[in-house]
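Asker: need the 3D shape of this:
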Amino acid sequence: MDFAIALDPHSPDPVYQQIYAALRARILKGRLAPRQRLPSTRALAQGLGVSRATVTQSYDQLLSEGYLQTVTGSGTYVCDQLPDDLLQSPPLTAIPVGPIPAVPLSAYGRRLEQIDPGPSPEPAVPLSFRYGRPALDRFPLGLWRQLLSRHCRRTEWLDYATDPMGYGPLREAIAAYLAQARAVHCHPDQILITNGTQQALSLATRLLLSAGDTVALEEPSYLSARRVLASQGATLHPIPVDAAGMDVAALAATPGPIRLVYVTPSHQFPTGAVLSLPRRLALLAWAEQSGSLIFEDDYDSEYRYGGRPIPALQGLGDGQSVLYVGTFSKVLFPSLRVGYMVLPPALVAVFSRAKWLADRQGPTLEQAVLADFITEGHLERHIRRMRGIYDRRRQTLVATLSEHWGDRATLLGENAGLHVMVRFATNISDDLLMAKAAEVGVGLISASPQYLGSSPGHEFIFSYTELEEDAIALGLERLAALNLI
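Answerer: Now for the predicted structure:
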């Protein structure tokens with residue numbers, strides 16, 4: 001039988017892998033039948049013009065995967081039975097076409113079917129002002145790798161975690177950090193480590209809300225948070241936002257009981273408004289009087305470019321009515337799915353049980369690395385360094401917007417956070433402007449999906465985290481050259 005194999009010297013795959021793949025394919029197609037004898041490694045190597053060690057490596061891989069077997073004194077043969085995984089159906093490349101039988105869903109499942117899936121994926125363009133991503137190229141990856149390597153030498157991280165609240169040293173580090181940076185008053189035992197803000201809100205809605213309960217939230221507000229709240233069957237009540245944040249007077253005037261208030265006081269999303277101190281105190285007083293709970297999403301609190309930061313809501317009161325939530329995904333990197341909740345003492349036990357049932361434990365190894373990153377001072381240094389970088393990019397964005405559009409562009413929330421919301425004086429639709437911008441390599445994100453009610457339109461979220469100053473200027477120059485605003 002002909003065992004000729006076409007080898008590609010320019011292939012990125014090593015030669016032994018090419019030989020392995022060719023022989024495996026012939027076995028699967030039946031060109032090499034069960035119990036058929038293969039040539040010796042020496043003979044095949046001579047025939048292909050390669051070293052015997054290369055062929056031996058190919059045979060060894062086929063042997064280890066169960067395609068070949070050796071018979072002492074006789075040679076190498078194709079196995080009688082191929083590996084079990086090859087007996088399974090090949091993977092589908094698409095969902096089968098045709099009627100799909102209905103499957104009865106729970107009330108929760110039926111609510112999920114009614115939730116708007118949201119905007120289409122962002123266009124892949126070189127100059128994107130998309131939000132929610134830090135400057136990954138400025139993250140100290142080498143340092144993180146060193147800390148990770150330190151812990152990878154310990155086998156204890158391979159076992160199950162024992163505390164659903166999270167890794168103890170990380171909770172201690174977060175408690176100390178929040179006390180210093182956000183004036184949060186809590187014991188480490190009040191801190192629950194989560195996979196991020198989404199999981200924190202999901203846990204809170206399942207434990208604190210029943211279908212039909214009213215939740216007040218800012219208008220506009222974070223779309224993903226609205227989806228989580230709607231999935232629990234909550235009645236969403238929008239509260240207006242102005243330059244001083246959520247209108248607490250309008251909240252207090254809302255008829256009927258409000259079970260929960262979702263608020264982003266440090267840098268309201270998407271307007272960027274900072275909830276003023278008088279309104280923070282008024283919100284806490286209202287919550288105490290009404291018996292409502294506050295879900296404080298401390299979004300973008302790490303970055304403020306003028307004036308002194310206002311303490312977190314949790315630290316301004318006794319902490320009994322506030323669930324304080326934060327995450328490290330935008331400070332460090334998005335795939336680090338580690339966030340935290342500071343819970344009122346009365347809720348610790350039930351949230352601990354819920355977390356245990358939800359996913360039993362978080363990624364303990366990453367929590368240990370993050371604990372070291374915080375306690376050794378790397379987090380504060382990184383935030384301080386990135387604050388300077390982002391401030392320069394922010395100034396470039398603000399100045400270039402003013403240069404091209406003047407008073408036709410109203411900027412909101414430009415003194416804090418990681419994005420600016422811009423309201424353009426134009427009659428062109430958001431979709432058309434985004435499509436035309438994408439044609440010249442510029443990615444724009446409309447703020448319209450963040451509105452629960454009707455959107456005024458012509459508002460866009462400009463993040464300045466991923467682009468260098470010259471790229472920010474270039475993107476806005478291309479947008480201005482369209483002459484659509």
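Asker: low-confidence ranges in this protein?
Answerer: For the chain, the stretches with pLDDT under 70 are 1-2, 84-99, 118-123, 157, 160.
Asker: rerun at 50
Answerer: Nowhere does the chain drop to pLDDT under 50.
Asker: domain map for it?
Answerer: The record's domain parsing of the chain by automatic domain parsing lists 15-87, 127-133+383-481, 139-380.
Asker: would you mind giving the ones you listed as JSON lines with mean neighbour count added?
Answerer: Heads up, the C-betas are built off the backbone N, CA and C, glycines and all. Output for these, formatted as JSON lines (neighbours: other CB atoms under 10 Å):
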{"stretch": "domain 15-87", "mean neighbour count": "15"}
{"stretch": "domain 127-133+383-481", "mean neighbour count": "18"}
{"stretch": "domain 139-380", "mean neighbour count": "19"}
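Asker: mind putting those into a markdown table with distance to residue 109?
Answerer: Output for those, formatted as a markdown table (distance: least, CB to CB, whole Å):
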| stretch | distance to residue 109 |
| --- | --- |
| domain 15-87 | 32 |
| domain 127-133+383-481 | 23 |
| domain 139-380 | 10 |
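Asker: can you tell which of those domains is closest to residue 111?
Answerer: Closest to residue 111 of the domains of the chain, according to CB to CB: domain 139-380, at 5.5 Å.
Asker: can you pull out the strands in the stretch 51-200 of the chain?
Answerer: For the stretch 51-200 of the chain, the strands defined by DSSP state E, counting those that start in this stretch occupy 68-71, 75-78, 127-128, 191-194.
Asker: contact partners for residue 148?
Answerer: Taking CB atoms under 8 Å, 6 or more residues apart in numbering as the contact definition, residue 148 lies against 365, 369.
Asker: again, only using 10 Å
Answerer: Applying CB atoms under 10 Å, 6 or more residues apart in numbering, one finds that residue 148 lies in contact with 365, 366, 368, 369, 372, 373.
Asker: in those residues, find the pair that's most separated.
Answerer: Greatest spacing in those, by CB to CB: 365 and 373 (12.8 Å).
Asker: which elements pack onto the longest helix anywhere in the chain?
Answerer: Longest helix in the chain, counting residues (DSSP state H): helix 378-405. Helix 378-405 sits against helix 141-152, helix 168-182, helix 364-375, strand 409-412, strand 419-424, strand 459-463, helix 469-481, with contacts defined as 3 or more CB pairs under 10 Å, 6 or more residues apart in numbering; DSSP states H and E.
Asker: that one vs strand 419-424, what angle?
Answerer: Here the directions of helix 378-405 and strand 419-424 differ by 10 degrees (axes from the mean of the first three to the mean of the last three CA atoms, to 10 degrees).
Asker: hey, what's the angle from helix 378-405 to helix 364-375? Just curious.
Answerer: Helix 378-405 runs at 80 degrees relative to helix 364-375, counting by the same axes, to 10 degrees.
Asker: any idea how far helix 378-405 is from the middle of the chain?
Answerer: Centroid displacement of helix 378-405 relative to its chain, using CA atoms, centre = their mean, to the nearest Å, is 22 Å.
Asker: what does stretch 212-220 give?
Answerer: Worked out by CA atoms, centre = their mean, stretch 212-220 lies 23 Å from the chain centre.
Asker: for stretch 353-361, same thing?
Answerer: That offset, for stretch 353-361, works out to 20 Å (CA atoms, centre = their mean).
Asker: who touches that stretch?
Answerer: In contact with stretch 353-361 (CB under 10 Å, 6+ apart) are residues 160-167, 192-195, 199-200, 202-204, 206-207, 341, 347, 362, 367.
Asker: switch the cut-off to 6 Å
Answerer: Contact partners of stretch 353-361, identified using CB atoms under 6 Å, 6 or more residues apart in numbering, comprise 161, 164, 203, 207.
Asker: closest to residue 100 among those?
Answerer: Of the contacts of stretch 353-361, the one sitting nearest to residue 100 (CB to CB) turns out to be residue 203, at 31.8 Å.
Asker: backbone phi and psi for that closest one, please?
Answerer: Main-chain torsions, residue 203, degrees, to the nearest 10: phi -60, psi -40.
Asker: kindly report the same for residue 340.
Answerer: Phi and psi for residue 340, reported as degrees, to the nearest 10, are phi -160, psi 150.
Asker: quick one, what contacts it?
Answerer: 174, 191, 193, 326.
Asker: any chance of CSV for these, columns distance to residue 297?
Answerer: As requested, the contacts of residue 340 are arranged in CSV below (distance: CB to CB, whole Å):
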residue, distance to residue 297
174, 16
191, 16
193, 16
326, 8
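Asker: report the two of those residues separated the most.
Answerer: Pairwise distances across the contacts of residue 340 peak at 11.0 Å for 193 and 326 (criterion: CB to CB).
Asker: so how far is residue 219 from residue 226?
Answerer: 10 Å (CB to CB, to the nearest Å).
Asker: burial of the closest residue to residue 386 other than its chain neighbours, as a residue count?
Answerer: Ranked by CB to CB, 6 or more residues apart in numbering and with sequence neighbours excluded, the top spatial neighbour of residue 386 is residue 138, at 6.4 Å. By other CB atoms under 10 Å, 13 other residues sit near residue 138.
Asker: if we can go back for a sec, which one of the strands of the stretch 51-200 of the chain lies nearest to residue 36?
Answerer: In terms of CB to CB, the element of the strands of the stretch 51-200 of the chain nearest to residue 36 is strand 75-78, at 4.9 Å.
Asker: name the helices or strands packed onto that closest one?
Answerer: strand 37-38, strand 68-71 (3 or more CB pairs under 6 Å, 6 or more residues apart in numbering; DSSP states H and E).
Asker: how about residue 411, what does it touch?
Answerer: Residues counted as contacts of residue 411 (CB under 6 Å, 6+ apart) are 420, 422.
Asker: hang on, the earlier thing: make CSV out of the strands of the stretch 51-200 of the chain and add distance to residue 415.
Answerer: Shown next, in CSV, are the strands of the stretch 51-200 of the chain (distance: least, CB to CB, whole Å):
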stretch, distance to residue 415
strand 68-71, 68
strand 75-78, 71
strand 127-128, 23
strand 191-194, 29
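Asker: which stretch among these comes nearest residue 260?
Answerer: Nearest to residue 260, of those and by CB to CB, is strand 191-194 at 17.0 Å.
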